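Colleague: Fold the following and give me the result.
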Amino acid sequence: MSSPIIELKHVYRSFKSGRQIVPVLQDINISVNPLEFLCLVGESGCGKTTTGKIICDLLPPSAGMVNFEGAEIASLRGEDYRRFRRRVQIIHQDPYASLNPTQTISEMLSYPLLRHKLAPNRRGVLQRVRELLDLVDLTPVEDFIDKYPHQLSGGQRQRVSIARALTTEPSVIVADEAVSMVDVSIRIGLLQMMMDLRDRLGVTIVFITHDLALAKYFAWDGRIGVMYLGRLVEIGHTQAIIRDPQHPYTKVLLSAIPEPDPEKTRSKQHIQLRSEDIPRLTELPRGCSFHPRCPWYVDDVCDRETPELAIPLNSASDVEVACLPLQQGRELQLHDA
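Modeller: Predicted coordinates:
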């Protein structure tokens, strides 16, 4: 088995808000293998984007270690660090805000090529820009190369963002909600294009989304990591998690996904939470942070100790779950709402 290309080891990240310390990430451990699709899923504020920025070194961890190809990023210097910056790229969520409105598409894509000396001359730069636009299906190239962002649709802008991430020939791309700002009708096309790029260019993709149905489609042959209030609560192969979710939070998320089949919709069990209120990051409950809302809450267990990721007793898969009752071999009992 190949060594991980990206590793997060016991990563914490907190921010100051006035006099308060806000713990955004707590004890995150993730290994991403070469050519893998890994989806990080969870509701807004769970720490997905912060994790992605830490992978790209756009934010430093408050504690813990981030490794790229076995070397700690914080220790890289000079050409080693420049190589890391070239090989790990990010696609930002909002193509309306992440593209410079004063630059043409050609100027935007040319700058990384010139900055990292990835083309021999100006003619080579222009040729590479044309190749990138063709790669992301912005054709005919002449219709796009000299346009400004405001002259493009949302889907076209996102394709430019993907092309910009590809300029440095990266090994890892972090796609932060890369299709959430475009119309539903063109999301599948963008996702399919990204999957094709992985196969054609040999790129590892960390895909961040709040939509579990999207993660199911995108990473069916990869893995999903489910996050809740700054912690990973379940991680494993997508098919195993979708078919038999273990953590109560994952069960709730899956129960909320609408089904295209009316018969399935009518028969599907929608799980009722004990509370709709999400705890504040500055006032996290003791023990498992999901226990105030958990329909399977076990008194005097879930509110005592913070669970760590582990494979539950009697589990037939290698899915890791942060749930003490499961780790103790208990069968979860659904309480009445």
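
Colleague: Break this protein into its domains for me.
Modeller: 6-100+161-228, 244-327 (automatic domain parsing).

Colleague: Give me the mean pLDDT for the longest one.
Modeller: For domain 6-100+161-228, the mean pLDDT works out to 91.

Colleague: coming back round to it: quick one: closest of the domains of the chain to R123.
Modeller: With Cβ to Cβ as the criterion, R123 lies closest to domain 6-100+161-228 of the domains of the chain, at 16.5 Å. Where you see a C-beta, it was placed from the backbone N, CA and C, and this is true even at glycine.

Colleague: mind checking the end-to-end distance for the closest one?
Modeller: 21 Å (Cα to Cα, to the nearest Å).

Colleague: Pick the most buried one from the domains of the chain.
Modeller: Most buried of the domains of the chain, by mean neighbour count (mean count of other Cβ atoms under 10 Å): domain 6-100+161-228, with a mean of 18.

Colleague: Pull the distance from that domain to the chain's centre.
Modeller: 5 Å (Cα atoms, centre = their mean, to the nearest Å).

Colleague: Strands along the stretch 51-200 of the chain, start to end?
Modeller: In the stretch 51-200 of the chain, the strands defined using DSSP state E, counting those that start in this stretch lie at 63-68, 71-72, 88-91, 172-176.

Colleague: so which of the domains of the chain gets nearest E142?
Modeller: Of the domains of the chain, nearest to E142 by Cβ to Cβ is domain 6-100+161-228, at 15.5 Å.

Colleague: Look up how far L76 lies from the spatially most central residue of the chain.
Modeller: In the chain, the centroid-proximal residue (Cα atoms, centre = their mean) is I208; its distance is 2.3 Å. For I208, the distance to L76 equals 24 Å [Cβ to Cβ, to the nearest Å].

Colleague: Which parts of this protein are helices?
Modeller: Remark: helices assigned in the chain by DSSP state H are 48-55, 78-87, 105-115, 122-135, 154-166, 184-201, 212-218, 238-243, 248-255, 262-267, 324-327.

Colleague: Contacts for the longest one next, please.
Modeller: It stands for helix 184-201. Identification of contacts with helix 184-201 by Cβ atoms under 8 Å, 6 or more residues apart in numbering yields 35, 37, 135-137, 155, 158-159, 162, 166, 169, 175, 178-179, 182, 203-205, 207, 214, 217-218.

Colleague: how about A322, what does it touch?
Modeller: With Cβ under 8 Å, 6+ apart, A322 has these contacts: 231-234, 247, 288, 307-310.

Colleague: let me fix that: S44
Modeller: With Cβ under 8 Å, 6+ apart, S44 has these contacts: H210.

Colleague: Could you rerun that using 10 Å?
Modeller: By Cβ atoms under 10 Å, 6 or more residues apart in numbering, S44 lies in contact with 210, 278.

Colleague: picking up where we left off before, is it possible to get a markdown table of the helices of the chain that adds distance to E142?
Modeller: Conversion of the helices of the chain to a markdown table gives the following (distance: least, Cβ to Cβ, whole Å):
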| stretch | distance to E142 |
| --- | --- |
| helix 48-55 | 34 |
| helix 78-87 | 28 |
| helix 105-115 | 11 |
| helix 122-135 | 9 |
| helix 154-166 | 14 |
| helix 184-201 | 21 |
| helix 212-218 | 32 |
| helix 238-243 | 40 |
| helix 248-255 | 45 |
| helix 262-267 | 47 |
| helix 324-327 | 58 |
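
Colleague: Can you pull out the low-pLDDT segments for the stretch 201-337 of the chain?
Modeller: 259-261, 264-268, 335-337 (pLDDT under 70).

Colleague: Ok, which of the domains of the chain comes nearest F144?
Modeller: Using Cβ to Cβ, the domains of the chain put domain 6-100+161-228 closest to F144, at 9.7 Å.

Colleague: Switch the contacts of A322 over to a markdown table; also include distance to G329.
Modeller: Listed next are the contacts of A322 as a markdown table, based on distance: Cβ to Cβ, whole Å:
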| residue | distance to G329 |
| --- | --- |
| R231 | 22 |
| L232 | 21 |
| V233 | 18 |
| E234 | 17 |
| H247 | 15 |
| C288 | 17 |
| P307 | 14 |
| E308 | 16 |
| L309 | 17 |
| A310 | 12 |
